[in-house]
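# Need coordinates for the following:
(chains A and B)
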Amino acid sequence: MTPQTRPYADCSGAGVLSPIREALPGITRARSLAGGGEMTGVRDYQPGDDFRYVDWYRCARHDELVSRRYEAALPLPTYLLVDGSDSMSMGEGNKFAFAKRLAIELRELIVSCGDPVHVVATSAAASDTAGSLESIAPRGGATDLAAQSESVTSAMVSPGVVVMISDLLDPNGLAKCYERLRKHGHQLFIFHLVDQADANPTFTGRIRLAGATSKVTVDSEIDADDLADYCRRFGSWLEQTVRYCVERNIGYLRTWTHESTTTIVERLLNR
Amino acid sequence: MTFVLLIWCLAAVAIVCFYLPWRRRQTKQVATLWLWQETLQRKGFWSRWRRWASLSIQISLLSLMAVGLALPFWMPTGTAQRSLVVVMDVSASMAATDVGPNRFEQARSDAQRLVASLAASDEMAIFSAGRFPRLLMPFTDNSQALLDVLESLQTTRESADLEEAVRVAKSSLEDRADCEIWVLTDKSALRQAKLSADPIVRMRVVGGEGRNCSLVRLAARPVLDDPTTQEIFCEVRNHSPGIAKVGLRFHPDEQVTEIPFSVAAHSTHQHFAKVTVSQPVQVTAEIQTNDDLSLDNVATLRLSPCAKTTVYLIGDPPEPLDRVFRAVPGCSVVRAPSLPKDMAKPAIAIYFHSSPASLPPIPCCFFEPRKASALWEFAGVLPSPSVSRTERGRSILPDAEFESCVIEQAVQLHPQCDFVTWLESNDGTPLVWETTHDGNPVVVVQPILANSDLAFRPELPLLAAAIVETLASTDATLEPQFSTDLLPSEESQLESGEQVGSSALPGRAEPHGPPAVSWLLLFLGIALLVEWHCFHQRITE
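As a prediction, this is how the structure comes out:
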């Protein structure tokens, strides 16, 4: 199978690199690795690189494991995946509305580069491939990243860059989602939405905690120690997520819902 | 104790209310319930039970304070709460000075030591044992009040009825558990032994072997054949084991007569004297000797001149009756159909076969009453004529034998008032009886003299003399007059009570008030409560 590659000049249609590709080194690299055109160079092997592009000759001769880099020949589509689960409807700044605004910003940025873009609003059970981003609504349900990835892979046949805008609050984690996307040749970039209410809750006393989706409630006496313990666990979860993404070369950008989307895009472009 | 329990309950309720969650549980929707569940599942035991552990510790500290407060009430229960009754003998003999300063002061000192021996929860009551027992202080734990009562006690000139006092004291104990009755007295060994038989009675005997000569009797009576002269009778008794040299001094009016004599051990000396009494006069007898009890060394007697009593015989009594009344010394007999309005005084009326509708305002006697009176109920003829003598209590008819009298017929009267029977028939019907009407004595003689041999017997003059003596006694002319300020004879006998073991007084009690450990627990409880409150505030913030 010949990797799909295309030159960067062709990608923008105007002879410039797509900003998001520039900002997302993993994606850029992947596209260059996945290209089927002329080889432009090699680099050290990194986990996730296809073995087909390993320079075995160089490995045998110099005892170095390197991957060959090719110029892309075809533009890869970008899938904007907006998490529509119930947890996205919560928080101080309504994470779903924020995610939608961010998706609009990103879509405009990518479209301005001439890349194809698809918008998907997902929930645990359904996906929406509507073309108009403004009209999408949260679909409800529990946060299930694996199901979201499945909805993408089933609807979008051609591999591309999946830009996931989600709070990632899936107790099962990101692994299944990533594996499924990777299996179908997709590259993943995550805008991790973090809300202040989720990260630093302030309520204490006799509290009945109700989940966003499930009917389960937990009655407890929450004090300062509990809050500190929760914050510590939340921070630890954030660190694990970042580490997971770094180890697997997944694009990751943590975004706080109290920031403006423009700021986030600028932050993305200045990476 | 109940007060402490009440305070503890109120404080405990306040603390529990402070700890109870009064606000409703708030519902918070969270996006990360799984993270929260992990957090709360790993919540420590201390975090889960901190509120209730804190409440338990607060209650424990409160209990510690309550224990501290209640300790003074609890501690005496370990040493058994006692109820003491002090019976103070206030009889005249307690003024004897055979022990210094006198017996009563020593008894008072012993009683004060008993008060000092009271523990915090002990109670004491004080009775005085005189002629009648008196409750001076009901049960109290107020030592000062008890001491004040003891301080105000004084001896009297009465004798002491200790048995009655102890009986009343025992009745005041009701159902008290640990009781003691302390009798502080100098009374005779026989009485002490009798009282000591009671297990709760403890005798505390004061006094020793006292020396005493006492005026036992000082009396005067008119001479029958000379009413202006009165005989004075004085009796001195030596209660000491040795011979006593006594100087008896008489003060009849302005005169002073000194009579020295000696009285053998435990014997009596009697002295007679005659005094002409033309006007009221006071006779004082005084023993001139140095003994341990001075209260019985002086006695006074007030004498008045005697006058002949006029006896009015009303209703034409028979000649024997007239003669026997004329033979009674000290009286003049006047026969009259009815009681004159201007009668001489003193006077008595003797009715024969008649009785006025309303009794006269002077002492009177009825022989063979025929008409009903307010004093009796006329009931017919007495069927059984035999006589028995039932006079009790005092000797009205000394040396008279009526048992052999034959009375063939008598009138049966049922007195409707309190009366004293002089003579009665064998079936219990009163024959001669005495009663009182409007303060005047009334004597009723029911036998019919004409049908009995009473008129021919020497007992009839004796009966007449007894009637006159009884009816005229209200003027105090014929009765021996006794001194009113003589001590009871048993009070003059300063015999020692040493023969019966005197109970030892208990030791001085510990100072009253909460013990040191109580204060310690109280302050420790307060300190820990404050400290715990601060700590609780810190850990819940």
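# and chain A, which of its residues are near chain B?
Residues of chain A lying near chain B by Cβ under 8 Å from any Cβ of the partner chain: A:87, A:90-91, A:167, A:169, A:171, A:195, A:197-198, A:201, A:203, A:205-212, A:214, A:216-226, A:229-230, A:233-234, A:237. The way it works is simple: take the backbone N, C-alpha and C, and place the C-beta from them, glycine included.
# What is the neighbour count of the residue of the stretch 151-300 of chain B found nearest chain A?
Going by Cβ to the nearest Cβ, chain A is nearest to residue B:177 of the stretch 151-300 of chain B, at 52.5 Å. Number of residues near residue B:177 (other Cβ atoms under 10 Å in any protein chain shown) recorded here: 9.
# per-residue confidence at it?
pLDDT for residue B:177: 81.
# What are the structural domain limits within chain B?
B:82-205, B:213-306+B:481-492, B:309-475 (automatic domain parsing).
# So which of those is the most surrounded?
Neighbour counts (mean count of other Cβ atoms under 10 Å in any protein chain shown) averaged over each of these peak at domain B:82-205, with a mean of 19.
# Straight-line length of it, end to end?
End-to-end distance of domain B:82-205 (Cα to Cα, to the nearest Å): 22 Å.
# Relative to the whole chain's centre, how far out is it?
14 Å (Cα atoms, centre = their mean, to the nearest Å).
# Pretty sure residue B:520 sits against residue B:68.
Yes: using Cβ atoms under 8 Å, residue B:520 is in contact with residue B:68, at 7.4 Å.
# the more surrounded of the two?
residue B:68 (22 against 12).
# tell me the pLDDT at that one?
74.
# Please verify my assumption that it contacts residue B:527.
No: counting by Cβ under 8 Å, residue B:68 sits too far from residue B:527 to count as a contact (11.6 Å).
# give the contact list for residue B:220.
Contacts for residue B:220 (Cβ atoms under 8 Å, 6 or more residues apart in numbering or on different chains) come out as B:230-233, B:275, B:283, B:301, B:303, B:480-481.
# which of these are close to chain A?
Answer for those near chain A: none qualify (Cβ under 8 Å from any Cβ).
# Strands - which of these land there?
Within those, residues falling in strands by DSSP state E are B:230-233, B:275, B:283, B:301, B:303, B:481.
# Would you enumerate the residues in contact with the nearest residue to residue B:417 once chain neighbours are set aside?
Nearest residue to residue B:417, sequence neighbours excluded (Cβ to Cβ, 6 or more residues apart in numbering or on different chains): residue B:435, at 5.2 Å. Applying Cβ under 8 Å, 6+ apart to residue B:435 gives the contacts B:375, B:415, B:417-420, B:441-442, B:444.
# quick one: pLDDT of residue B:404?
pLDDT, residue B:404: 64.
# Residue A:236 belongs to a helix?
Yes: under DSSP: H, G, I helix; E, B strand; the rest coil, residue A:236 sits within a helix.
# ok, which stretches of chain B are helices?
B:2-19, B:33-41, B:45-78, B:103-116, B:143-152, B:162-173, B:189-196, B:319-326, B:459-472, B:516-540 (DSSP state H).
# wait, I meant chain A
A:8-12, A:19-23, A:25-34, A:56-62, A:95-112, A:145-155, A:175-183, A:196-199, A:224-247, A:261-269.
# Output those helices in a markdown table, with mean neighbour count and mean pLDDT appended to each entry.
Conversion of the helices of chain A to a markdown table gives the following (neighbours: other Cβ atoms under 10 Å in any protein chain shown; pLDDT from 0 to 100):
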| stretch | mean neighbour count | mean pLDDT |
| --- | --- | --- |
| helix A:8-12 | 17 | 31 |
| helix A:19-23 | 20 | 53 |
| helix A:25-34 | 22 | 45 |
| helix A:56-62 | 11 | 86 |
| helix A:95-112 | 20 | 84 |
| helix A:145-155 | 21 | 77 |
| helix A:175-183 | 18 | 85 |
| helix A:196-199 | 18 | 87 |
| helix A:224-247 | 15 | 89 |
| helix A:261-269 | 15 | 83 |
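# Let's see the pLDDT reported for the residue nearest the centre of chain A.
Residue closest to the average C-alpha location in chain A (Cα atoms, centre = their mean): residue A:190, at 2.2 Å. Residue A:190 is assigned a pLDDT of 89 by the prediction.
# Show the contacting residues for it.
Contacts of residue A:190 (Cβ under 8 Å, 6+ apart): A:163-164, A:166, A:168, A:174, A:245, A:250-253.
# swap in residue B:32?
Residue B:32 neighbours (Cβ under 8 Å, 6+ apart): A:87, A:169, A:198, A:234.
# Mind putting these into JSON lines with distance to residue B:350?
Formatted as JSON lines, those follow (distance: Cβ to Cβ, whole Å):
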{"residue": "A:87", "distance to residue B:350": "134"}
{"residue": "A:169", "distance to residue B:350": "136"}
{"residue": "A:198", "distance to residue B:350": "132"}
{"residue": "A:234", "distance to residue B:350": "132"}
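# Name the nearest of those relative to chain B.
When these are compared against chain B (criterion: Cβ to the nearest Cβ), the nearest one is residue A:87, at 3.9 Å.
# Tell me how far residue B:238 lies from residue B:95.
19 Å (Cβ to Cβ, to the nearest Å).
# Tell me where the stretch 251-400 of chain B is predicted with low confidence.
Within the stretch 251-400 of chain B, the segments meeting pLDDT under 70 span B:253, B:372, B:378-396, B:398-400.
# what does chain B have sitting close to chain A?
B:21, B:23-40, B:42-43, B:47, B:51, B:540-541.
# can you pull the contacts of residue A:177?
Contacts of residue A:177 (Cβ under 8 Å, 6+ apart): A:145-146, A:148-149, A:164, A:170, A:188.
# Need the max-distance pair from those.
Spatially, the most separated pair among those is A:170 and A:188, at 14.2 Å (Cβ to Cβ).
# So which of the two has more stuff around it?
residue A:188 (28 against 23).
# follow-up on the earlier one: return the subset of the residues of chain A next to chain B lying in strands.
A:205-211, A:217-222.
# Just put those residues in JSON lines and tack on distance to residue A:58 and pLDDT.
Output for those, formatted as JSON lines (distance: Cβ to Cβ, whole Å; pLDDT from 0 to 100):
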{"residue": "A:205", "distance to residue A:58": "65", "pLDDT": "79"}
{"residue": "A:206", "distance to residue A:58": "66", "pLDDT": "80"}
{"residue": "A:207", "distance to residue A:58": "61", "pLDDT": "85"}
{"residue": "A:208", "distance to residue A:58": "63", "pLDDT": "86"}
{"residue": "A:209", "distance to residue A:58": "57", "pLDDT": "87"}
{"residue": "A:210", "distance to residue A:58": "58", "pLDDT": "84"}
{"residue": "A:211", "distance to residue A:58": "53", "pLDDT": "81"}
{"residue": "A:217", "distance to residue A:58": "60", "pLDDT": "84"}
{"residue": "A:218", "distance to residue A:58": "57", "pLDDT": "83"}
{"residue": "A:219", "distance to residue A:58": "63", "pLDDT": "83"}
{"residue": "A:220", "distance to residue A:58": "60", "pLDDT": "82"}
{"residue": "A:221", "distance to residue A:58": "64", "pLDDT": "80"}
{"residue": "A:222", "distance to residue A:58": "59", "pLDDT": "84"}
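# if we can go back for a sec, now, among the contacts of residue A:177, which is nearest to chain B?
For the contacts of residue A:177, the nearest to chain B is residue A:170 (9.0 Å; Cβ to the nearest Cβ).
# wait, what's in contact with that closest one?
A:142-146, A:177.
# rerun at 7 Å
A:143-145 (Cβ atoms under 7 Å, 6 or more residues apart in numbering or on different chains).
# how about residue 103, what does it touch?
You didn't pick a chain, so chain A it is. A:80, A:82, A:119, A:133, A:165.
# not what I meant, chain B
B:94, B:96, B:186, B:206-207.
# What of residue B:61?
Contacts of residue B:61 (Cβ under 7 Å, 6+ apart): B:525, B:528-529, B:532.
# Got phi/psi on residue B:316?
phi 50, psi 70 (degrees, to the nearest 10).
# Now do the contacts for it.
With Cβ under 7 Å, 6+ apart, residue B:316 has these contacts: residue B:352.
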